[in-house]
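> got a predicted model here, sequence first, then my questions.
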Amino acid sequence: MIKLEISANEGNQRLDRFLKKYYRNAPLSYIYKLLRTGVKVNGRRVAQNTRLAAGDLLTIDISEEEEKAYLAREKPGTIKRQFQIAYEDENLLVVEKPFGLLTHGTMEEGRETLANQVLGYLMDSGAYRPEQEKTFVPSPVNRLDRNTTGLVIFGKNAEALRSLSRMLRERGCI
């Protein structure tokens, strides 16, 4: 039995989506079995589409062995930084993507992507500590094609990422 407190970065997402991100290596059938029989939010069984809030307490009926197996996360290696920082504050990071570098990875490309380089930078600077996060990973708000240079915006926390994504979607100013 495990107890997890939902942080601000994990809040405002559905319970089923949280579990899929948290137990990345678990089969979906196992996630849905947990949702039917082994998960409580604040001591109560809830629907899988229940929105989690910061401060909620999840109780998950899972063995320690299964927990370790399903939580296994890949350790990021050292990746050469190819981008330049245009702007940074506590909520966002704006970087200049160089020509020839993918914003997001593909199975064929592996780890040499702008997103992985930025994650490495944020971990080195202490702005992102994966061991303190359950599901949130800083992510780009926009993307550029491989053969395009320009600015890419990364949200450094969940609230900033949601706000920036909403502004971009609504064609507002960022």
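Thanks, I have it. Numbering: from 1, shown residues only.
> so residue 32 is in which element?
Following DSSP states H and E, one finds residue 32 within helix 28-37.
> residues in contact with the lowest-mean-pLDDT helix or strand in the chain?
When each helix and strand of the chain is scored by mean pLDDT, DSSP states H and E, helix 64-71 comes last, with a mean of 83. Residues outside helix 64-71 that contact it (CB atoms under 8 Å, 6 or more residues apart in numbering): 2, 22, 23, 24, 25, 26, 30, 62. Bear in mind the C-beta positions are built from the backbone N, C-alpha and C, glycine included.
> looking at those, which are in helices?
22, 30 (DSSP state H).
> selection in PyMOL covering whichever of the contacts of helix 64-71 are buried, please.
Here is the PyMOL command that selects the buried residues among these (16 or more other CB atoms under 10 Å):
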select buried, resi 22+23+26+30+62
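> nearest to residue 90 among the contacts of helix 64-71?
Nearest to residue 90 among the contacts of helix 64-71 is residue 22, at 24.7 Å by CB to CB.
> what's the domain layout of this protein?
Following automatic domain parsing, one gets these domains for the chain: 2-71, 84-169.
> hmm, back to that, Throw the contacts of helix 64-71 into CSV and include pLDDT, thanks.
CSV is the format used below for the contacts of helix 64-71 (pLDDT from 0 to 100):
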residue, pLDDT
2, 88
22, 88
23, 87
24, 81
25, 83
26, 87
30, 90
62, 89
